[in-house]
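Chemist: Need a 3D model of the sequence below.
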Amino acid sequence: MAFHRKVPFLPSGERHPSTRGGAHMKIIYTRGNRTETLASIATLRKILNRFVAHRVFYEVSSRNKRGHEFFSAKNTFVVGTIEIVNRDYLTITIFDAHSSAHSIEILNPASMRIYDDTLGKGFAVSFLSETPGGVESRCYLRDEGEEGDGLQHKSALERITLPQLFEYLEEITHADVVGDKT
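Modeler: Below is the predicted model of the structure:
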């Protein structure tokens, strides 16, 4: 389904404020090989809400097209909420469900590539931003499954150290011996 939107202009020839920022972002679908312009913030929210309550792998990277400068940061976390704001420019903030100090902020992306738009099968997106100086920034997000999937929650016994286990065994063995003598 294609999303089309006419861009309203003001009498001065400028674009209407509601079309600044995110309205210029291109959505590129790898499946079906098609490109669309972002229709609305609601559309973007619907796409990104697939990550909420899911463990996500992310890589944020930046490079200079003319040189060999490069930086990259990778991590995984469970997505708590996603905030999308389109004032002067599009801002997407993805919050970690388990750490309020950890979030990813994507500022004014030029495009968003969707690597697999089939629900529940390795869904991933990447945002690309470029500056006039030739610096390209990319934020890649890949769904690793629901919060509990693939994560083994340790029982109390698995969390204790080996010395603590021996102390515990000694205590319960000693308690039985004391109990037998009385």
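Chemist: Every contact and neighbour count from this point should use C-alpha atoms.
Modeler: OK.
Chemist: Just the element for the residue nearest to residue 85 when sequence neighbours are not counted, please.
Modeler: Nearest non-adjacent residue to residue 85, counting by Cα to Cα, 6 or more residues apart in numbering: residue 91, 5.2 Å away. Under the criterion of DSSP states H and E, residue 91 resides in strand 90-96.
Chemist: in that strand, what counts as buried?
Modeler: Neighbour-count burial for strand 90-96 flags 90-92, 94-96 (criterion: 16 or more other Cα atoms under 10 Å).
Chemist: chain center to that strand: distance?
Modeler: 8 Å (Cα atoms, centre = their mean, to the nearest Å).
Chemist: Spell out which strands sit alongside it in the sheet and which way each one runs.
Modeler: Looking at strand 90-96 with DSSP bridges, its partner strands are strand 70-86 (antiparallel), strand 103-107 (antiparallel).
Chemist: Let me know the average pLDDT across the last one.
Modeler: The average pLDDT for strand 103-107 rounds to 94.
Chemist: for it, the distance to its chain's centre please.
Modeler: Counting by Cα atoms, centre = their mean, strand 103-107 comes out at 9 Å from the chain centroid.
Chemist: JSON lines for the strands paired with strand 90-96, including mean neighbour count?
Modeler: Written out in JSON lines, the entries for these read as follows (neighbours: other Cα atoms under 10 Å):
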{"stretch": "strand 70-86", "mean neighbour count": "16"}
{"stretch": "strand 103-107", "mean neighbour count": "17"}
